[in-house]
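>>> Sequence plus the predicted model coming up.
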Amino acid sequence: MFYGIMFLKYQERIDKGVWHMNINIQEKWNERINSWNVSLSGEIDIYNAPELKSSLLKLIDEKNGNIIVDCTNLKYIDSTGLGVLISALRRVKDYNGEIIINNLQPYIYKIFTITGLDKVFTIKVQE
Amino acid sequence: MDEINLKLPARPEYMSVARLATAAIANRIGFNIDEIEDLKVAVSEAGNFLINRYEDISYLTIDYKISRNRSILTSVKASGTKVPKGENKEDELSLFIIESVTDKVTKQTEEGIIKGFTILKTGGGNLEHE
């Protein structure tokens, strides 16, 4: 019974989004605000950044909306992850959209500030 | 001075191992959370730089020298760096991040080729002044 529930939860997580060893990407279209809600958890690094890139570009191709990224459970992002966000932003800017990054951990926000990306993205930091 | 040596396959999937080891070592000598994050980021970016830059790296060697004054001198070095992949957009970003979060960073170069980085990070203030 216990393992059955665990399996269902595992399957549910796989069905809802792309789930890798150390990153989980969940996405949902919000018609009312013409935006993609994307939730990132885990670590984005040189290993899984290509997966994030293909996920974001697929969303942009599917519907040209803003992208609202929830980073409540994001633990780490490196320069390759930042590169992915920059290339997604370029595509979004083509149709005058924007990428909004919400609930960023303060120590991850530091990476955005030292690279000047805090002025490129709209960012809200966790209290 | 204590020394720790780590040798990892130079593949993206092993960078999380480098971060985990770095965080554990920095935590061991009393770095605070921000200092641990800084060193973790710097070592990871140094590895990223080398993996992104060259085709022919087999291993990354990460050597930590831990001083009594709560500083860690970390060398991140690549084995084999003869076949460059060409400039990568994220290279400059990596270098900029490493320089911003550490006390001092030196490029290890041979004949103009960057073979690795030596990174100094001191945590929790200098004990000599306590």
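The structure has been received and is ready for your questions.
>>> Show me which residues of chain B are close to chain A?
Residues of chain B lying close to chain A (Cβ under 8 Å from any Cβ of the partner chain) are B:12-13, B:15-16, B:19, B:33-34, B:37, B:40-41, B:44-45, B:47-48, B:51-52, B:89-90, B:93-94, B:96-97, B:100-101. (Glycine included, C-beta is placed from N, CA and C.)
>>> any idea of the pLDDT on the closest residue to residue A:75 other than its chain neighbours?
Take residue A:75 and drop its neighbours on the chain: the residue closest to it by Cβ to Cβ, 6 or more residues apart in numbering or on different chains is residue A:43, 5.3 Å away. Listed pLDDT for residue A:43 reads 94.
>>> ok, residue A:43 touching residue A:76?
Yes. Using Cβ atoms under 8 Å, residue A:43 is in contact with residue A:76, at 4.0 Å.
>>> who touches both of those two?
Listed as contacting both residue A:43 and residue A:76 by Cβ atoms under 8 Å, 6 or more residues apart in numbering or on different chains are residue B:19.
>>> Can you list the low-confidence ranges for chain B?
Applying pLDDT under 70 to chain B flags the ranges B:81-84, B:86-87, B:125-130.
>>> Run through the strands of it in chain order.
Along chain B, the stretches classed as strands by DSSP state E are B:2-9, B:59-66, B:71-78, B:104-110, B:113-122.
>>> Just the ones in helices from the residues of chain B next to chain A, please.
B:15-16, B:19, B:33-34, B:37, B:40-41, B:44-45, B:47-48, B:51-52, B:89-90, B:93-94, B:96-97, B:100-101 (DSSP state H).
>>> Got a PyMOL select line for the buried ones in the residues you listed?
Entered in PyMOL, the line below selects the buried ones among these, by 16 or more other Cβ atoms under 10 Å in any protein chain shown:
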select buried, chain B and resi 15+16+19+37+40+41+44+45+47+48+51+52+90+93+94+97+100+101
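>>> Identify all contacting residues around stretch A:117-127.
A:72, A:82, A:85-86, A:89, A:98-106, A:109, A:111-112.
>>> and what of stretch A:73-86?
For stretch A:73-86, the surrounding residues in contact (Cβ under 8 Å, 6+ apart) are A:24, A:39-46, A:49-50, A:52-53, A:56, A:69, A:99, A:101, A:104-105, A:108, A:111-112, A:115, A:117, A:120-121, B:15, B:19, B:40-41, B:44-45, B:48, B:52, B:89-90, B:93-94, B:97.
>>> CA atoms of that stretch as PDB?
Extracted in PDB, the C-alpha atoms of stretch A:73-86 (Å, rounded to 0.1, in the frame of the first residue of the first chain):
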ATOM      1  CA  ASN A  73      12.600  25.600  -4.400                       C
ATOM      2  CA  LEU A  74      15.500  26.400  -6.600                       C
ATOM      3  CA  LYS A  75      18.800  25.700  -4.700                       C
ATOM      4  CA  TYR A  76      21.400  26.600  -7.300                       C
ATOM      5  CA  ILE A  77      22.000  28.100 -10.700                       C
ATOM      6  CA  ASP A  78      25.300  28.400 -12.500                       C
ATOM      7  CA  SER A  79      26.500  30.400 -15.500                       C
ATOM      8  CA  THR A  80      25.100  27.900 -18.000                       C
ATOM      9  CA  GLY A  81      21.700  28.200 -16.300                       C
ATOM     10  CA  LEU A  82      21.900  32.000 -16.500                       C
ATOM     11  CA  GLY A  83      22.900  31.600 -20.200                       C
ATOM     12  CA  VAL A  84      19.700  29.700 -20.800                       C
ATOM     13  CA  LEU A  85      17.500  32.300 -19.100                       C
ATOM     14  CA  ILE A  86      19.300  35.000 -21.200                       C
END
